[in-house]
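1. Next one to model:
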Amino acid sequence: MSEETVYFYKRFNNYEAWFYINLILNFLSPLLLLMDRDNKRSENILLTVSIIVLCGHWVDYYQMIMPGIFEFGTKDGAGFGIIEIGTAMGFVGLFTFTVLSSLSKKPLIAKNHPFLQESLNHHL
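-> Numbers count the residues shown, from 1 in each chain. Next comes the predicted model:
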């Protein structure tokens with residue numbers, strides 16, 4: 001047996017629901033939602049898929065880290081609590097602050113660009 005067997009055994013047997021949620025969020029949802037050409041051009045659908053993928057990445061990291069830290073089925077077992085929610089909210093806030101403060105320092109529309117007016121009126 002290879003070395004990875006123990007890693008995947010812990011994550012699949014004890015956290016089987018998280019395993020399938022991870023598969024659905026990171027693979028099936030984006031694949032099925034973005035299969036149509038019109039969906040790829042819709043801002044609302046792209047925003048929805050982006051949020052789904054970000055949640056999927058969070059579930060992926062949760063599934064990678066928690067089974068190795070906590071023993072499943074004990075009082076200290078890997079649960080979902082205030083620390084996980086607070087950490088996620090903290091990183092979202094830090095990311096939002098960094099992006100918005102960086103965007104406020106520079107102009108968002110180019111000046112004196114030869115194709116500016118043409119690009120502002122362009123529609124697909």
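2. so which helix or strand takes in the residue positioned nearest the centre of the chain?
-> Taking Cα atoms, centre = their mean, the centroid of the chain lies closest to residue 54, which sits 1.1 Å from it. Per DSSP states H and E: residue 54 is located in helix 43-69.
3. wait, doesn't residue 48 sit right on residue 33?
-> Yes. With contacts counted by Cβ atoms under 8 Å, residue 48 reaches residue 33, the gap being 7.2 Å. (Each C-beta comes from the backbone N, C-alpha and C, glycine too.)
4. now this protein, which segments are flagged as low pLDDT?
-> 1, 72-79, 124 (pLDDT under 70).
5. Helices of that one, residue ranges please.
-> In the chain, the helices defined using DSSP state H lie at 4-13, 16-23, 29-33, 37-41, 43-69, 82-103, 116-120.
6. right, and those - which one's nearest residue 109?
-> With Cβ to Cβ as the criterion, residue 109 lies closest to helix 116-120 of the helices of the chain, at 7.4 Å.
7. That closest one - contacts with which helices or strands?
-> With contacts taken as 3 or more Cβ pairs under 8 Å, 6 or more residues apart in numbering; DSSP states H and E, helix 116-120 sits against no other helix or strand.
8. neighbouring contacts of it?
-> 109, 110 (Cβ atoms under 8 Å, 6 or more residues apart in numbering).
9. count of residues packed around residue 18?
-> 19 (other Cβ atoms under 10 Å).
10. Is it correct that it is in contact with residue 65?
-> No. Residue 18 lies out of contact with residue 65 (Cβ under 8 Å); the separation is 11.5 Å.
11. got the helices of the chain as JSON lines, with distance to residue 110 columns?
-> Output for those, formatted as JSON lines (distance: least, Cβ to Cβ, whole Å):
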{"stretch": "helix 4-13", "distance to residue 110": "48"}
{"stretch": "helix 16-23", "distance to residue 110": "41"}
{"stretch": "helix 29-33", "distance to residue 110": "32"}
{"stretch": "helix 37-41", "distance to residue 110": "23"}
{"stretch": "helix 43-69", "distance to residue 110": "22"}
{"stretch": "helix 82-103", "distance to residue 110": "14"}
{"stretch": "helix 116-120", "distance to residue 110": "6"}
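12. Fine, thanks again, bye for now.
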